[in-house]
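Asks: Attaching a predicted model along with its sequence, questions to come.
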Amino acid sequence: MASIYSCAECGTNLNLRTVHLFPPDFYFEAGNKGTLSFSSVDSSKFRFEKEDKIRPFFETVNYWGIQRKRTKIKCNSCGRLVGYIYDDGPPLTDSPGQFHMGPSQVIPRAPRYRFKIKALQITTET
């Protein structure tokens, strides 16, 4: 049973594949509440805009790091912001990290395409 994910604004099929969906209980540093996370997307359906946030974490309501880059994901058809790309996906290496204390930010991690559920129109095809 596959789901079709479309932009809630203009109804364009965003070609997101259920096979690339992370399980809902997969742990991410930046959280996963009210969102769906994919390991890969069809880049022809989206526009990506880089956004740098460097500010002390106590000034931010939604704390996701002192210096974290995230990229906005916008629908290519209507320009609506549908989510962000975070760099807190699964580690690309199976290294135990520095001093064997688990993977750190130093280890390259797979990108995570995180979409807001409210920005998507989800239909299930049987």
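Replies: In hand now; what should we look at?

Asks: low-scoring stretches of the chain, by residue?
Replies: Within the chain, the stretches falling below the threshold (pLDDT under 70) are 1, 30, 52-69, 93-107, 126.

Asks: run the last query once more with 80
Replies: Scanning the chain with the threshold set as pLDDT under 80 gives 1-2, 24-25, 27-33, 51-70, 88, 90-109, 125-126.

Asks: For it, which segments count as strands?
Replies: Secondary structure of the chain (DSSP state E): strands located at 2-7, 35-38, 46-54, 67-75, 81-86, 112-116, 120-125.

Asks: Make a markdown table out of these and add distance to N13.
Replies: Glycine gets a C-beta too; all of them are placed from N, C-alpha and C. Below are the strands of the chain laid out as a markdown table (distance: least, Cβ to Cβ, whole Å):
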| stretch | distance to N13 |
| --- | --- |
| strand 2-7 | 5 |
| strand 35-38 | 14 |
| strand 46-54 | 12 |
| strand 67-75 | 11 |
| strand 81-86 | 13 |
| strand 112-116 | 14 |
| strand 120-125 | 9 |
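
Asks: So for L92, which of the ones you listed sits nearest?
Replies: Proximity to L92 (Cβ to Cβ) singles out strand 112-116 among these, at 12.2 Å.

Asks: Return the set of buried residues in that closest one.
Replies: For strand 112-116, a neighbour-count test (16 or more other Cβ atoms under 10 Å) marks 112-115 as buried.
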